[in-house]
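Enquirer: everything below, folded, please.
(chains A and B)
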Amino acid sequence: MAIIIDQDTRVVVQGMTGNQGSFHTGQMVKYGTNVVAGTSPTKAGQDHEGIPVFASVREAVLERGANASIVFVPAAFAKDAAFEAIDAGCKVVVMIPEHIPVQDSILIVEYARFRGAKVVGPNTYGLISPGKAKMGIMPNHIYAPGPVGLVARSGTLSYEIAAALTDAGLGQSTAIGMGGDPVVGQVFNDVLHQFEKDPETKACVLVGEIGGSAEEEAAEFIKTMSKPVVAYLAGRAAPPGKRMGHAGAIIERGRGTLESKRKALEAAGVTVVEMPWEVAPAVKKLLG
Amino acid sequence: MKLYEYLAKGRLKAHGIPVPPGVLCRTPDEVAKALEEICPAAVKAQVLVGGRGRAGGIKFAQDPEEGRKVASEILGMNLKGYTVEQVYVEGKIDVEREFYVSVTVDRNARKPLVMASSHGGVEIEDVEDKYIVRRHVDEAFGMQGYLARDIAAEMGLEGDVAKQVAVILQKLYEVFRTEDAELVEINPLVVSGGKVIAADARLNIDDAALFRHKDLPSVAEGTELELKVKEIGLAFVQLDGDIAVMANGAGMAMATLDALQHFGGKPANFLDAGGGASVEPTAQAMGVLVSMQPKAIFVNIFGGITRCDDVANAIVQVKNTQGIPVPLVVRLVGTNEQQGVEILRREGIEAFREMSEAARKAVELAGEVR
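Expert: Predicted coordinates for the structure are as follows:
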């Protein structure tokens, strides 16, 4: 078991023949992901690294049975791409691009709710169910199958923590990037609900950061969870009113502070560690 | 991107929201001339900081001569770090009541959120919760008339004022949608002679959507160095410490600052060199750090998509061209780690594996210089 994707997921890559799409399709295939199709506005009818390229997601679904899409198109076209995938029947849509207008993201998330699809991101590194499949841009070698469910807002920080978990002998059921934008499809709360139900997941790691209140919202659900949660929160040293790289990482008018998140999570029984290198030891202690 | 008040009001007006008459001026003469038409008037500094009034950035004038006088006081003054280059001359209005209305993005609900209050004129954070009306809008369907009427009624408004506010709310939502706003706020929305008018306005446009709004003049916000690094295309924030920092990925960069602070150090900046940056942008980023003349430089890389050998080559390139005249601490792990470490070793730079040890070392070296 794992959450959202596994070895049976049939992946279509939107924007497969571009620079990023092409490189990461190769990496996903290498990892064993079942990439069944790609789309490209100009290269339909061709094969790309042995994978058929179609003009539309609808064709990829009809011809190849694709049921999940990963989007590599430029931000300005990302809304259209997401709607296309959802309309064609994909139940999982992973949105890699950064700088998608927030109102486009709101519409994408609304449409996904309406059609019963899950949107991961935008501005995410994707998700990986180690040993089974990955839809994303994360490095292949730092993960191992195991009992830890990992959800993070940030990519590289999540790699840092995944690698430390793996080094400590703590593999992952699924590692998922919520995305660094203000509006994203799968928030901590959604992901933790799924980890709670997943029999393979024994403990969860939440990697949060300043901005918004997804951590506070998650804390409400964590109170009811049976599985232990360890959290690390980035942005202690961040000044208010400044965007720290991610569009969503900003303390605005007194909201989104690290202190508020830490308090809410601790009140929910979460082990909140001070530094990223303290995550793996804390998980190890909880799992005994 | 935050818009100046005069631009924000211009957008509101274009959508049919009543605003006082106003003219943008750059010199005391222009202000005097504007007062021949608009009189009495408020002369308002156009800067992107709150609390202008208390800081002396808003003054009133009864005639053109007084306008010239207050304009010469305001133009060129330093308002919380910003030099005032433009003032907005706006017709003074008699205020009978002050309301608050805004539309913003509720990140948790992932929907637009309308906030309104009959207690306007102060920051909304200072208004008691029971006086704030909050309603979500389904973005796909827009704000219907009933919702606007509901909100006005919940604000406790009646009669013609309630009707006018409801109309303004729908138009405000239209501004939010069509202008790709992150926030559009009228505070105060005033009643003056029975008419409801937007006396002050904030309009922040989503940076990611600026490609759809090429007609908007670009309003640069940030320090000189921040603007320079923005040109290179990197995320950069200037801080007040003395250890310059580069990391790859926003989360890693934030965690790196936290780690320095944890060991008693003070970061000089936030710099995300990107999740998969190659040699050239990384070298440019390093160059910026050197130019800041810090006490030490800390480079913290977890190579996922980023390759450690690329980062090492970028560091060597800067060392051999620009020179790195301050202590440098590099933490390098991940993809092509051995090659990267070897490249640095040939230049006499020992890379660290552990983030904690590296951060502690950077703080220590900066302290020795201090």
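Enquirer: just give the nearest non-adjacent residue to whichever residue of the stretch 51-200 of chain B sits closest to chain A, would you?
Expert: Here the stretch 51-200 of chain B gets closest to chain A at one residue, residue B:107, 4.2 Å apart by Cβ to the nearest Cβ. In this view, the C-beta of every residue, glycine as well, is placed from N, C-alpha and C. Spatial nearest neighbour of residue B:107, excluding adjacent residues (Cβ to Cβ, 6 or more residues apart in numbering or on different chains): residue A:212 at 4.2 Å.
Enquirer: report the contact partners of that neighbour.
Expert: By Cβ atoms under 8 Å, 6 or more residues apart in numbering or on different chains, the contact list for residue A:212 reads A:182, A:248, A:255, A:256, B:107, B:108.
Enquirer: of all the residues you listed, which comes closest to residue B:63?
Expert: Taking Cβ to Cβ as the measure, residue B:63 sits nearest to residue A:255 out of the contacts of residue A:212, at 44.2 Å.
Enquirer: wait, isn't that closest one in contact with residue A:210?
Expert: No. Counting by Cβ atoms under 8 Å, residue A:255 does not reach residue A:210; the two are 9.9 Å apart.
Enquirer: out of those two, which sits in the busier spot?
Expert: Taking other Cβ atoms under 10 Å in any protein chain shown, residue A:255 and residue A:210 do not tie; residue A:210 has more neighbours (29 against 16).
Enquirer: related to what we said a few turns ago, check contacts around the residue of the stretch 51-200 of chain B closest to chain A.
Expert: Per Cβ under 8 Å, 6+ apart, neighbours of residue B:107: A:182, A:183, A:212, A:213, A:214, A:248.
Enquirer: just residue A:258 next, same as before
Expert: Contacts of residue A:258 (Cβ under 8 Å, 6+ apart): A:210, A:233, A:235, A:236, A:238.
Enquirer: chain B versus the most centrally placed residue in chain A, what's the distance?
Expert: Residue closest to the average C-alpha location in chain A (Cα atoms, centre = their mean): residue A:177, at 2.7 Å. From residue A:177 across to chain B, the span is 10 Å (Cβ to the nearest Cβ, to the nearest Å).
Enquirer: what residues are bridge-paired with that residue?
Expert: residue A:152 (DSSP bridges).
Enquirer: need the longest helix for chain B.
Expert: For chain B, the longest helix by residue count, based on DSSP state H, is helix B:159-178.
Enquirer: what comes into contact with that one?
Expert: Contacts for helix B:159-178 (Cβ under 8 Å, 6+ apart): A:103, B:11-12, B:15-18, B:97, B:99, B:101-103, B:112, B:114, B:116, B:137, B:139, B:142-143, B:145, B:148-149, B:151-153, B:155, B:157, B:181, B:184, B:186, B:189, B:191, B:194-196, B:198, B:203.
Enquirer: quick check: residue B:229 touching residue B:288?
Expert: Yes. With contacts counted by Cβ under 8 Å, residue B:229 reaches residue B:288, the gap being 5.5 Å.
Enquirer: helices along chain B, start to end?
Expert: Using DSSP H, helices in chain B cover B:5-14, B:28-37, B:64-74, B:145-154, B:159-178, B:224-232, B:250-262, B:279-291, B:308-321, B:337-346, B:355-369.
Enquirer: what's the most buried one of those?
Expert: Highest mean neighbour count of these: helix B:250-262, a mean of 28 (counted as mean count of other Cβ atoms under 10 Å in any protein chain shown).
Enquirer: residue numbers of the stretch 101-250 of chain B in contact with chain A?
Expert: Along the stretch 101-250 of chain B, the residues adjacent to chain A under the rule Cβ under 8 Å from any Cβ of the partner chain are B:105, B:107-108, B:110-112, B:123, B:125, B:138-140, B:177, B:180, B:182, B:206-209, B:211-212, B:235, B:237, B:239, B:247-250.
Enquirer: where in chain A is pLDDT low?
Expert: Applying pLDDT under 70 to chain A flags residues A:1.
Enquirer: let's go with 50 and repeat that
Expert: Low-confidence segments of chain A (pLDDT under 50): none present.
Enquirer: can you give me the helices for it?
Expert: Along chain A, counting by DSSP H, helices occupy A:19-30, A:57-64, A:78-87, A:102-115, A:155-167, A:188-197, A:214-222, A:258-267, A:279-287.
Enquirer: the longest one to helix B:159-178, inter-axis angle?
Expert: Spelled out, that is helix A:102-115. Computed with axes from the mean of the first three to the mean of the last three Cα atoms, to 10 degrees, the direction of helix A:102-115 lies at 90 degrees from that of helix B:159-178.
Enquirer: check which residues of helix A:102-115 are buried.
Expert: A:102, A:103, A:104, A:105, A:106, A:107, A:108, A:109, A:110, A:111, A:112 (16 or more other Cβ atoms under 10 Å in any protein chain shown).
Enquirer: run through those residues and flag the ones next to chain B.
Expert: A:102, A:103, A:104, A:105, A:106, A:107, A:109, A:110, A:111.
Enquirer: how about the CA coordinates for stretch A:269-278, as PDB?
Expert: What follows is stretch A:269-278 as a C-alpha-only set of coordinates in PDB (Å, rounded to 0.1, in the frame of the first residue of the first chain):
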ATOM      1  CA  GLY A 269       0.500  16.200  20.300                       C
ATOM      2  CA  VAL A 270       3.000  16.500  17.500                       C
ATOM      3  CA  THR A 271       6.700  16.300  18.200                       C
ATOM      4  CA  VAL A 272       8.000  19.600  16.700                       C
ATOM      5  CA  VAL A 273      11.700  19.500  16.300                       C
ATOM      6  CA  GLU A 274      13.900  22.600  16.000                       C
ATOM      7  CA  MET A 275      16.300  21.600  13.100                       C
ATOM      8  CA  PRO A 276      15.900  19.400  10.000                       C
ATOM      9  CA  TRP A 277      18.600  16.900  11.200                       C
ATOM     10  CA  GLU A 278      16.500  16.200  14.300                       C
END
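Enquirer: tell me if it is near chain B.
Expert: Yes. Stretch A:269-278 reaches chain B (Cβ under 8 Å from any Cβ) through A:274, A:275, A:276, A:277.
Enquirer: list buried residues within the residues you listed.
Expert: Using 16+ other Cβ under 10 Å, the buried ones in the residues of stretch A:269-278 next to chain B are A:275, A:276, A:277.
Enquirer: for residue B:300, see how far away the second one is.
Expert: With distances defined as Cβ to Cβ, to the nearest Å, the gap from residue A:276 to residue B:300 amounts to 11 Å.
Enquirer: any common contacting residues for the two?
Expert: With Cβ under 8 Å, 6+ apart, residue A:276 and residue B:300 have common neighbours B:259, B:355.
Enquirer: got the buried residues for stretch A:78-87?
Expert: Residues of stretch A:78-87 classed as buried by neighbour count (16+ other Cβ under 10 Å): A:78, A:79, A:81, A:82, A:83, A:84, A:85, A:86.
Enquirer: which of the contacts of helix B:159-178 are buried, as a PyMOL select command?
Expert: Applying 16+ other Cβ under 10 Å to the contacts of helix B:159-178 leaves a buried subset, and the PyMOL line that selects it is:
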select buried, (chain A and resi 103) or (chain B and resi 11+12+15+17+18+97+99+101+102+103+112+114+116+137+139+143+148+149+151+152+155+157+181+184+186+189+191+196+198+203)
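Enquirer: so which of the contacts of helix B:159-178 sit within strands?
Expert: If you go by DSSP state E, the contacts of helix B:159-178 have B:97, B:99, B:101-103, B:112, B:114, B:116, B:181, B:184, B:186, B:189, B:191, B:195-196, B:198, B:203 in strands.
Enquirer: ok, for the residue of the stretch 1-150 of chain A found nearest chain B, nearest residue in space, not its chain neighbours?
Expert: Residue of the stretch 1-150 of chain A nearest chain B, by Cβ to the nearest Cβ: residue A:101 (3.6 Å). Among residues not flanking residue A:101 along the chain, residue B:209 sits closest, at 3.6 Å (Cβ to Cβ, 6+ apart).
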